[in-house]
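# next comes the sequence, and after it the predicted model I'd like to discuss.
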Amino acid sequence: MDESVVVTPDWLAAHLEDPKVRVVDVRDPWEYDGIGHVPSAVSIPFDSYRDESDVDRGTLPGADAFADLLSEAGIAPDDTIVAYDDTHGVFAARFVLTALEYGHDDVRLLDGDYSAWNREYETTSDAPDIEPTNYEADPLAREESPLVGFEAVEDALERDAVFVDTREEHEFEDARLPGAVRFDWREVVDDESRRLKPEAELETLLAEYGITPDRQIVLYCNTARRISHTYVVLRALGYEDVAFYEGSLTEWLANDGEIATGTASPSR
């Protein structure tokens, strides 16, 4: 896996003393304080970088609000950020996507989660000393955003794009984009180790669903949380043509987009 996107617990342990590597814990504050956290990790809870008030596209919090969070956490624009949760990385992946969208160049997902780290390395309940920064988010710094809106998705439906629905089966049957395949985002995770499955196994698995690097991939779920994890995994595998439908099915239904319902053919 591309270490500029996903890093192992061993990698993080080896770089934990590097002052330019900043670890972000996106779990609830009670978990961070009561259960413990990775040494030096700062707490930026998931709800703090998610906003459903339309301040920005989908549930993005807005560049200024996100900059304030990183400033309070003592993070600088040139820091390497490693984010983790304790839910196989799905909430941390949303942080990764958000940071990238607001111009942070180097942000990575911890392979596994807090439980995976805790199996091999020490944790702490001590909060680190934080020196606030004056972080400035720059959404324009990203050369090309993967985020797409309603009209772009309509256009993609006319092409040979693979629409990937990462939700539960009952959600998929209730309403989905026409022609979509259902790929549960958790399929890439090994239940026993809580780590991502080996790269070759992931590539074989994705190919069984028609999710291959030579196709345009359009990801969606309900509110763009679950697709964040799939997006990060595809980036780590080297997929280049991956569109991220930030509005997801919530926006699609609000705009009376065409849907399919009922029991679908097998996802694979």
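Here it is on my side, so go on.
# number of residues surrounding P19?
8 (other C-beta atoms under 10 Å). C-beta coordinates here come from the backbone N, C-alpha and C atoms, glycine included.
# now T123
Neighbours of T123 using other C-beta under 10 Å come to 14.
# residue contacts, the closest residue to it other than its chain neighbours?
Nearest residue to T123, sequence neighbours excluded (C-beta to C-beta, 6 or more residues apart in numbering): G36, at 3.9 Å. With contacts taken as C-beta atoms under 8 Å, 6 or more residues apart in numbering, G36 has the following neighbours: N118, T123, T124, S125.
# distance check, G36 against Y121.
Distance of G36 to Y121, given as C-beta to C-beta, to the nearest Å: 11 Å.
# what does T230 give?
Distance of T230 to Y121, given as C-beta to C-beta: 27 Å.
# more neighbours, the two?
T230 (26 against 14).
# assumed the more buried one was part of a strand.
No: under the criterion used here (DSSP: H, G, I helix; E, B strand; the rest coil), T230 is helix, not part of a strand.
# so it sits against V218, correct?
No: contact between T230 and V218 fails when scored by C-beta atoms under 8 Å: they sit 11.2 Å apart.
# between those two, what contacts are shared?
Counting by C-beta under 8 Å, 6+ apart, the shared contacts of T230 and V218 are V164.
# what's near enough to touch the spatially most central residue of the chain?
Averaging the C-alpha coordinates of the chain gives a centre point, and the residue nearest to it by C-alpha atoms, centre = their mean is A93 (2.4 Å). When contacts are counted by C-beta under 8 Å, 6+ apart, A93 touches A83, L109, S228, H229, Y231, V232.
# try it again with 10 Å
6, 26, 83-85, 87, 109, 185, 225-233 (C-beta atoms under 10 Å, 6 or more residues apart in numbering).
# try W252
Residues F150, V153, E154, A175, R176, L177, Y220, N222, Y245, E258, I259 are the ones in contact with W252 under the rule C-beta under 10 Å, 6+ apart.
# take those and keep only those in strands.
Judged by DSSP state E, the subset of those located in strands is Y220, Y245.
# which of the contacts of W252 sit farthest apart?
E154 and N222 (18.7 Å; C-beta to C-beta).
# more neighbours: these two, which one.
Ranked by neighbour count (other C-beta under 10 Å), E154 and N222 place N222 first, with 18 against 13.
# what's the more buried one sitting at in phi/psi?
phi -100, psi -50 (degrees, to the nearest 10).
# residues touching it, list them.
The neighbourhood of N222, defined by C-beta under 10 Å, 6+ apart, consists of D165, T166, R167, E168, E171, A175, S248, L249, T250, W252, L253.
# just confirm the third one contacts T250, I think it does.
Yep, that's R167 we're talking about. No: in this structure R167 lies outside contact range of T250 using C-beta atoms under 10 Å: 11.7 Å.
# which neighbours do these two have in common?
When C-beta under 10 Å, 6+ apart defines a contact, the residues bordering R167 and T250 alike are Y220, C221, N222.
# which one of those is nearest H15?
Looking across those and measuring by C-beta to C-beta, the closest to H15 is C221, at 31.7 Å.
# Y245 is in contact with that closest one, correct?
Yes: counting by C-beta under 10 Å, Y245 is a contact partner of C221 at 8.6 Å.
# neighbour-wise, which of these two wins?
Remark: of C221 and Y245, Y245 carries more neighbours, 26 against 23, as counted by other C-beta under 10 Å.
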